[in-house]
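**Student:** Kindly generate the corresponding structure for this input.
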Amino acid sequence: MEIKSNLKTLAIVGALSSATTLGAYKLFLEKSPSDAVFSNTPSAFTRLVSDTSPAVAGSPGEFTYAAEKATPAVVHIKTKMTRNVSRQMMDPFEEFFGGNPFGGGGSRRQPEAQEASGSGVIISSDGFIVTNNHVVQDADEVSVILNDKRELKAKVISTDPSTDLAVIQVKASNLPFLTFGDSDNIKVGEWVLAVGNPFNLESTVTAGIVSAKGRQNIIDRDKDVNPLESFIQTDAAVNPGNSGGALVNLKGELIGINTAIYSRTGQFAGYSFAVPVSIVKKVSGDLIKYGNVQRGFLGVNIQEVNSKLVEEKDLKVNDGVYVGGFPAGGSAAQSAGLKVNDVIVKVDGVGTPSQSKLMELVGRKRPGETVVVTVNRDGAVKDFNVVLKNKDGNTNIVKGETAATAISSEFLGAKLANISDGDKAKYKIQGGVKITEVDPNGRLGYQGFDKGFVITKIDEKAVTDAKDVAEVLANRKGRVKIEGIDVDGTRVIMVL
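**Tutor:** Coordinates of the predicted model:
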């Protein structure tokens, strides 16, 4: 995966190299987005800061205390996946008739097994684990090695490429888990520990300080239209395999999920980046409850305030996020009363000195929720109650894809589903149908294709709906030309 930054070269930590709690402590008492899921299960969502579990050796504030609290809840994740390699094959039309009415015969896809590894953090006693999306993305098998050396099969619950987060689960009970900390109030210069499994070295702890907060534009997510980045930067040593591991404070509380490093070589070179737990809590709760992230939008075109902008626009404030316009088709912020040239200085009472902080605060909310947006308008401070909308301009909650929504195609010998917005962004396409399961003895299976392949066209006609594809192929006789994109991004044309 490519990384971009003014620091020149950045590298995603972890898996492929080897083949975000809210605000102050009182917020732990608020109703969590996942209460329905964890109501009867001890978890990071329900445990209070005033934890009554047995104390461990040492005192809060010591490295040993934090390490002993965190290490049992950090796991080693191993994945197996199949990458398909193109192999040119002879087209029967070419061989017997000297031509193919559909064009070339395409190529045979040969499966090639690969393995990778990373880290994860247990967030509930019944086995929910947070890790990075890039650790488990496209994996056929996921296994988890616990701190007590047990190895368990894991199920991927759901993923969110926009934050590079994922939730998986193992079948187990009474597991140790980490308490969510407070990533809002950590300070630059504060000591932190990184816990993970670099280079397959299990249960490794490194120490460092918070070097910066609110870092953005760190990861190139294949032009994801809605990336959510507000990274914690630290100098704790993080290397390949640490992806998905824990960043904890000296109380042993989770304050971030380690995700990326700055490097010219692929190895640690002094800076690492973690998704703050304020984002982790929201995203993981949504993934577990809904199957995808419910993201609220203000609907504003924004720009960070700087001295040049202050002079150019005659602004009366030197800090905040400038409102430069609103998207066509309506805006939650515009409907609430915000105007061009307003400077957003707070959201729900929390300062917004940067675009990343504004996006982080709004990103914690769902469509339909109300936020108080404080703006500076020509020197006057005004508050507006904004009801957030989703990307489609309404307040609906959208459930993620599940196995029940998959459509079977006997012709292909596969199950189909409409692709997600994340896949559209990843592959830079407007639509398509994703293969979610393949019968090895079916047409696709025979050609060496596995789940994850995206069909974009059938007989030169673009496809966008799984049900339509299944119906079109249901009574198909004769050959069919299929175009699509494999999991590695390869464009494929085949005739079945």
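
**Student:** domain assignment for the chain?
**Tutor:** Listed by automatic domain parsing, the domain ranges of the chain are 2-78+117-290, 301-387, 403-495.

**Student:** I'd like those laid out as TSV, including mean pLDDT and distance to Asn394.
**Tutor:** Placement of C-beta: from N, CA and C, glycine included. Output for the domains of the chain, formatted as TSV (pLDDT from 0 to 100; distance: least, Cβ to Cβ, whole Å):
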stretch	mean pLDDT	distance to Asn394
domain 2-78+117-290	79	16
domain 301-387	93	7
domain 403-495	81	15
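
**Student:** hey, which of the ones you listed is tucked in deepest?
**Tutor:** Ranked by mean neighbour count, the domains of the chain are led by domain 2-78+117-290 with a mean of 21 (mean count of other Cβ atoms under 10 Å).

**Student:** can you give me how far that one is from the chain middle?
**Tutor:** 12 Å (Cα atoms, centre = their mean, to the nearest Å).

**Student:** how near is Ala113 to Asn133?
**Tutor:** 21 Å (Cβ to Cβ, to the nearest Å).

**Student:** What of Ala207?
**Tutor:** 27 Å.

**Student:** now what about stretch 290-298, what contacts it?
**Tutor:** 157-158, 160, 162-163, 226, 228, 282-283, 286-287, 331-333, 362-363, 365-369, 371, 373, 386, 388-391, 397-402, 420 (Cβ atoms under 8 Å, 6 or more residues apart in numbering).

**Student:** Tell me which of the residues you listed fall in helices.
**Tutor:** 282-283, 286-287, 332-333, 362-363 (DSSP state H).

**Student:** Can you lay out those residues as CSV showing distance to Ala274?
**Tutor:** Shown next, in CSV, are the ones in helices among the contacts of stretch 290-298 (distance: Cβ to Cβ, whole Å):
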residue, distance to Ala274
Lys282, 15
Val283, 14
Asp286, 19
Leu287, 18
Ala332, 30
Ala333, 29
Val362, 20
Gly363, 16
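
**Student:** Strands of the stretch 201-350 of the chain, residue ranges please.
**Tutor:** 204-215, 231-234, 246-248, 254-262, 271-276, 301-304, 321-325, 343-347, 350-351 (DSSP state E, counting those that start in this stretch).

**Student:** whoops, I mixed them up, the stretch 351-496 of the chain
**Tutor:** According to DSSP E, counting those that start in this stretch, the strands that the stretch 351-496 of the chain contains are 370-377, 380-387, 407-409, 414-418, 433-438, 454-458, 461-462, 481-485, 491-495.

**Student:** ok, what's across the strand from Val371?
**Tutor:** In this entry, Val371 is beta-bridged to Val386, by DSSP bridges.

**Student:** Report the distance from stretch 447-461 to the chain centre.
**Tutor:** Worked out by Cα atoms, centre = their mean, stretch 447-461 lies 25 Å from the chain centre.

**Student:** show me the contacts for the nearest residue to Ala237 once chain neighbours are set aside.
**Tutor:** With sequence-adjacent residues excluded and distances taken as Cβ to Cβ, 6 or more residues apart in numbering, Ala237 is closest to Thr206, at 4.1 Å. Thr206 sits next to 193-194, 236-238 when contact means Cβ under 8 Å, 6+ apart.

**Student:** Make JSON lines from the strands of the stretch 351-496 of the chain and add distance to Gly118 to it.
**Tutor:** Shown next, in JSON lines, are these (distance: least, Cβ to Cβ, whole Å):
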{"stretch": "strand 370-377", "distance to Gly118": "34"}
{"stretch": "strand 380-387", "distance to Gly118": "37"}
{"stretch": "strand 407-409", "distance to Gly118": "32"}
{"stretch": "strand 414-418", "distance to Gly118": "26"}
{"stretch": "strand 433-438", "distance to Gly118": "23"}
{"stretch": "strand 454-458", "distance to Gly118": "24"}
{"stretch": "strand 461-462", "distance to Gly118": "36"}
{"stretch": "strand 481-485", "distance to Gly118": "25"}
{"stretch": "strand 491-495", "distance to Gly118": "28"}
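
**Student:** So which residues of the stretch 101-250 of the chain form helices?
**Tutor:** Counting by DSSP state H, counting those that start in this stretch, one finds helices in the stretch 101-250 of the chain at the ranges 133-136.
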